[in-house]
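A.B. asks: Sequence and predicted structure below; questions after.
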Amino acid sequence: MQGRQTEFIACRIPPEILGAIFAEMKDDNRYGMITRWFKSVSHVCSYWREVALANPSLWADIQINSSPLVMEMVRRSKAAPLTIKYCELDESDPADSYTVLNEILCHHLSRVKSLDLRLHSTRTNRPIVCKLLALIGQPAPMLECLYIESSDPTVEIVVCSSRLQHLTLSRCRLTRNLENTDFRNLRSLVIDFYKEETAHLLGILRQTPFLERLRVETNMKATLPGGTFSPQTIHPINLLYLESFVLVYGLPGSVSLLDSIAFSNLKNAQISTNLFADESSIPFAEALGRKIDDSIEGSISRLRLTSNVLCWKTKDTELPAQGLSPSINGCFAGTSDYLADGARDRFLQSLRLDHLRSLDICAKLKDNIWTLLSDLPRLKDLRILGNGFSLIAALNSGLVDSPDASPLPLKGPSFVSLRNLTIVEWKLYEFNFGTTLFDFMTSSLGLRKKAGLSLELLQLQDCRGFCREDFRGLKKIAKQVEWIAKPELTSKFDSQSYRLGAVW
């Protein structure tokens, strides 16, 4: 009796509510393949089957395989906009699924709203793949999203849809003939393994006035036009709405491309570029940094130096929230570490850092970069991995110890706004300049305190080579001293004196 009551109630659910439940469960991956789930739904009872068949949109999301139910789903979708996905999992020739895909592209492309094709071209199936991709060149008035991945980079894609908003091309390319293309409504463009000339890409971008996200990735190795950078004289392309820009490109090509674009609303940019075997590529890094900095509104308030240059920009005095993606990510890879470091440093020197308040250093820096950083007027928080003697020498710059123990200013002290210092993995027993790193640090911080530049917080993280008496000395030159260490480090010391996260 209870089972009949449940069945009776389920059959009395209003069709619009039942249809909404079906639509909600259709998008839930817990129910497995859509075809399998709908086959079960339509066999529960005649009422459920009637409701399912009366909702064409329930059958419009189609993942193509060799199942005969795929074409039945196309038929049941009637005139509803289609979402088509085809993913070839191996390099075998799935003749049946190709036949189904060919049927859909030939007769139903006009109502396809989203098309996702991931094809693996081989010597045997290449003619079939080329034929399938050629079908995309038919008029597709409803097409809004197009994703194509092909292992044949010689294949040219023709797109005929003025409603297209999202376009991703991986290992394939757009046709060189752009006269019949229409990208006026394009919002996002992703081109991976791009191998065309920069002029071709600019031709595409001239048709995208509302573009919001752009990613271009290539392994192209262009030749350097010369040892110096010369600005372009052509009228730039104005991408008023572009917010996110990812560029993996050769260095000269990156500079040429960015110099041809005017940004008005850019919020973040990620630049990854390859250097050449000589120093002639380094000046291009400076032009690249200057262009990116000028293109993103706000001031650089936080900076992280690794092999990359990571910058966070803000429009006010607050630091950006933790976990927020950087506004600028400059990555340089060269034939040698020397070239990569040189390009990184030139890129860094081209940025405006007058409003920088937080700095995280995880790379070895040259003297000229220390000079640049030590002159920053608003830098308050500094976290540094290694670089012990280099940092202390920079902190000591501009101050000398006179006979009356009063520091005398030379050209002016460095790091004048520094209040919080975190040192990471320092070996305080290291010996250089005729003294240990610990003694060098305490001497320098003592001089700065006498000059009115004392620290509010000194944090030692995973450092080695100190004792209880050393911490008592540090307390005299910083208002608060913290030691944070891994358990394997704390176990080597007196547990009462060296606690995880201990504060003095």
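C.D. replies: Structure's in. What do you need?
A.B. asks: I'd like to know how many residues surround I13.
C.D. replies: Under the neighbour criterion other C-beta atoms under 10 Å, I13 is assigned a count of 15. Backbone N, C-alpha and C define where each C-beta goes, glycine included.
A.B. asks: Going forward, the N-terminal residue is numbered 31.
C.D. replies: Will do, 31 is the new start, and the previous item becomes I43.
A.B. asks: ok, now which ones touch it?
C.D. replies: By C-beta atoms under 8 Å, 6 or more residues apart in numbering, the contact list for I43 reads I51.
A.B. asks: so it sits in a helix?
C.D. replies: No - judged by DSSP: H, G, I helix; E, B strand; the rest coil, I43 forms no part of a helix; its state is coil.
A.B. asks: Pull up the gap between it and Y77, please.
C.D. replies: 9 Å (C-beta to C-beta, to the nearest Å).
A.B. asks: same question, L467
C.D. replies: The value you get for L467 to Y77, if C-beta to C-beta is used, is 80 Å.
A.B. asks: cool, and A110?
C.D. replies: As judged by C-beta to C-beta, A110 and Y77 stand 21 Å apart.
A.B. asks: ditto for L88
C.D. replies: Computed as C-beta to C-beta, the L88 to Y77 distance reads 15 Å.
A.B. asks: The stretch 281-430 of the chain: helices as residue ranges?
C.D. replies: 281-289, 312-325, 367-379, 397-404, 418-426 (DSSP state H, counting those that start in this stretch).
A.B. asks: Which one, of those, ends up nearest to L296?
C.D. replies: helix 312-325 (4.9 Å; C-beta to C-beta).
A.B. asks: Any idea how far that closest one is from the middle of the chain?
C.D. replies: The chain centre lies 19 Å from the centre of helix 312-325; the measure is C-alpha atoms, centre = their mean, to the nearest Å.
A.B. asks: just stretch 493-511 next, same as before
C.D. replies: Per C-alpha atoms, centre = their mean, the displacement of stretch 493-511 from the mean C-alpha position of its chain is 40 Å.
A.B. asks: How about stretch 369-377?
C.D. replies: 20 Å.
A.B. asks: now what about that stretch, what contacts it?
C.D. replies: Looking at what lies outside stretch 369-377 - C-beta under 8 Å, 6+ apart - the contacts are 281, 305-307, 309, 311-313, 315-316, 318-319, 335, 337-339, 360, 362-364, 393, 395-396, 398-399.
A.B. asks: Send me it as PDB with only the CA atoms.
C.D. replies: Only the C-alpha atoms of stretch 369-377 are listed here, as PDB (Å, rounded to 0.1, in the frame of the first residue of the first chain):
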ATOM      1  CA  LEU A 369      70.000  36.000 -19.100                       C
ATOM      2  CA  ALA A 370      66.700  35.100 -17.300                       C
ATOM      3  CA  ASP A 371      67.800  37.000 -14.200                       C
ATOM      4  CA  GLY A 372      68.900  40.000 -16.300                       C
ATOM      5  CA  ALA A 373      65.500  40.200 -18.100                       C
ATOM      6  CA  ARG A 374      63.600  39.800 -14.800                       C
ATOM      7  CA  ASP A 375      65.700  42.600 -13.200                       C
ATOM      8  CA  ARG A 376      65.200  44.900 -16.200                       C
ATOM      9  CA  PHE A 377      61.400  44.100 -16.200                       C
END
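A.B. asks: what about that stretch, average pLDDT?
C.D. replies: Averaged over stretch 369-377, pLDDT sits at 86.
A.B. asks: Specify the beta-bridge partners of the most centrally placed residue in the chain.
C.D. replies: Nearest to the geometric centre of the chain sits Q300, at 6.1 Å (C-alpha atoms, centre = their mean). On the basis of DSSP bridges, Q300 is bridged to V276, N359.
A.B. asks: For it, give me its contacts.
C.D. replies: Neighbour list for Q300: F275, V276, L277, P356, I358, N359, C361 [criterion: C-beta under 8 Å, 6+ apart].
A.B. asks: which among those gets closest to D146?
C.D. replies: When these are compared against D146 (criterion: C-beta to C-beta), the nearest one is V276, at 20.4 Å.
A.B. asks: residues in contact with that closest one?
C.D. replies: L244, R245, V246, E247, A299, Q300.
A.B. asks: Kindly provide the distance from the residue nearest to the centre of the chain to F377.
C.D. replies: Distance, Q300 to F377, by C-beta to C-beta: 13 Å.
A.B. asks: same question, S200
C.D. replies: From S200 to F377 the distance is 28 Å (C-beta to C-beta).
A.B. asks: which of these two has more neighbours?
C.D. replies: Between S200 and F377, counting by other C-beta under 10 Å, F377 is the more crowded of the two (27 against 17).
A.B. asks: how much space is there between that one and N85?
C.D. replies: Taken as C-beta to C-beta, the span from F377 to N85 is 55 Å.
A.B. asks: Is it correct that G482 falls within a strand?
C.D. replies: No - using three-state DSSP, the assignment for G482 is coil, not a strand.
A.B. asks: Which other helices and strands does the helix or strand harbouring F501 contact?
C.D. replies: Using DSSP states H and E, the element containing F501 is helix 498-505. Secondary-structure packing of helix 498-505 (3 or more C-beta pairs under 8 Å, 6 or more residues apart in numbering; DSSP states H and E): helix 467-480, strand 508-514.
A.B. asks: Out of these, which one sits most buried?
C.D. replies: Most buried of these by mean neighbour count (mean count of other C-beta atoms under 10 Å) is helix 467-480; its value is a mean of 20.
A.B. asks: by how many degrees do that one and helix 418-426 diverge?
C.D. replies: With axes from the mean of the first three to the mean of the last three C-alpha atoms, to 10 degrees defining the directions, helix 467-480 sits at 20 degrees from helix 418-426.
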